[in-house]
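Enquirer: Turn this into a structure:
(one chain, ligands or ions: 1)
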Amino acid sequence: MVDAITKAASDMAGASLLMIPNEPATALAESLLAATPGTGERRVWFGHSGSDANDAAMRVASAATGRGRFISFIGSYHGCLAGSMSISGHTAMTHSLPRPGLVLLPYPDAYRAKFSADDVLALLDYQFETTCPPEQVAAIFIEPILSDGGLIVPPDGFLKALQERCRKHGILVVLDEVKVGLGRSGKLHAYQHDGLEPDMIVFGKGLGGGLPISAIIGPAAILDHAPAFAMQTTAGNPVCTAAGQAVLDTIIGENLAAHAAAMGAKLSAGFAELAERHEIIGDVRGRGLALGVDLVTSRETRAPVAAVTTAKVIYRAYELGANFLYVGLAANVLEITPPLNVSAAEIEEGLDIIDRALADVARGIVSDASVQAFMNW
Ligand SMILES: *Cc1c(COP(=O)(O)O)cnc(C)c1O
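Expert: Sure, this is the predicted structure:
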């Protein structure tokens, strides 16, 4: 990455893609297309963040279909800009109103099975029959693993059934791969676990290796629908796209998806072992290096722990040297998403730290006051 960025910085680094093509952007677009199955004429759009990419995907889906409504999931997170926030369904974001006409579906959760996959599909059918005529819906936004909503892996066949229903009505299927895409799930694209064929795919987060870049892949007929629907002066700049190229080449060249699968297996085996000592661990789930550790007050009732307990585990682990976040509608799930190049030794060290953090919190050595300032999500 350093070499790629350095080279790009000395050649047209400030050129705007709106005015003149630059080689790193063109090359990265070609590489993303080559790495992503699809047919027909396709295009790549570049932005700066997962949020702006989802905003652009919404705008173009709406413009190209002439429809103004969207479907997304309770617990989903698609970003923090006006559009992407308005289709997000996270409890932490109820400060803002959802977009008018949005339909939020429950995401079927095998561990706390309030709604089965069939329930959700029946609910969607009912929406279509009644207050949400499908011909009003531009697109459905899907996270292939519901991440901020609690690292929930969809039941087999659910997303495919959803895709079939939407396709039938000309509703575009947009896969938000921002968090779990590009190798993290153990496959290059997380939607490949479910055999989906999305219309548009959104990439972000890891793509830039820390630099701001996002991308959408979609049909030319949609992404080229009209000019001037998503222009940003510095999007697709040579430095960020060169970084993206280096990252993508490394992920593919070093087969980091396979590494993520192997390290993820080691990590979940490690958590299974921790669960033998720590009653608080109710469930360990995920794919590859996207794991959720669900903390409960009782394994029998599966009741989530209070958010303050999760926050204490996170805070203590941070003090001991491991940095991660919590997710879930009840803020009770440790989100374990280490770098794709994490080593076996680092995983052992991380598990050790979490082991100690869980024990320390159980012993009561972390005060409520120490976590109050940051446990608002
Ligand atoms: C983080 C995230 C986003 C938003 O990306 P930003 O780069 O933070 O704007 C969108 N979708 C998902 C699934 C995410 O995890």
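Enquirer: What parts of the stretch 101-250 of the chain come near the ligand?
Expert: Residues of the stretch 101-250 of the chain lying close to the ligand (CB under 6 Å from any ligand atom) are 143, 147, 176, 178-179, 204-205. For every residue, glycine as well, the C-beta is placed using N, CA and C.
Enquirer: out of those residues, who has the most neighbours?
Expert: residue 176 (31 neighbours; other CB atoms under 10 Å).
Enquirer: those helices in the chain, which residues are they?
Expert: Secondary structure of the chain by DSSP state H: the helices cover 2-9, 23-35, 50-65, 82-86, 117-129, 158-168, 220-223, 238-253, 256-277, 307-320, 344-363, 368-372.
Enquirer: Closest approach to the ligand from the stretch 1-150 of the chain, which residue is it?
Expert: Per CB to the nearest ligand atom, residue 50 is where the stretch 1-150 of the chain lies closest to the ligand, at 2.3 Å.
Enquirer: pLDDT score assigned to that residue?
Expert: If you check residue 50, the pLDDT there is 98.
Enquirer: Contacts only, for it.
Expert: Residue 50 makes contacts with 78-79, 84, 176, 178-179, 202, 204-205, 214, as judged by CB atoms under 8 Å, 6 or more residues apart in numbering.
Enquirer: Out of the residues of the stretch 101-250 of the chain next to the ligand, which is nearest to residue 286?
Expert: residue 147 (9.6 Å; CB to CB).
Enquirer: Could you tell me the phi and psi values at the closest one?
Expert: Here the main-chain torsion angles of residue 147 (degrees, to the nearest 10) amount to phi -90, psi -70.
Enquirer: Is it in contact with residue 333, as I believe?
Expert: No - between residue 147 and residue 333 there is no contact under CB atoms under 8 Å: 9.9 Å.
Enquirer: The residues of the stretch 101-250 of the chain next to the ligand into JSON lines, with extra columns for pLDDT?
Expert: Below are these laid out as JSON lines (pLDDT from 0 to 100):
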{"residue": "143", "pLDDT": "98"}
{"residue": "147", "pLDDT": "98"}
{"residue": "176", "pLDDT": "98"}
{"residue": "178", "pLDDT": "98"}
{"residue": "179", "pLDDT": "98"}
{"residue": "204", "pLDDT": "98"}
{"residue": "205", "pLDDT": "97"}
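Enquirer: deepest of the helices of the chain, which one?
Expert: Mean neighbours per residue, mean count of other CB atoms under 10 Å, is largest over the helices of the chain for helix 50-65, with a mean of 24.
Enquirer: Count the neighbours of residue 328 for me.
Expert: Counted with other CB under 10 Å, residue 328 comes out at 27.
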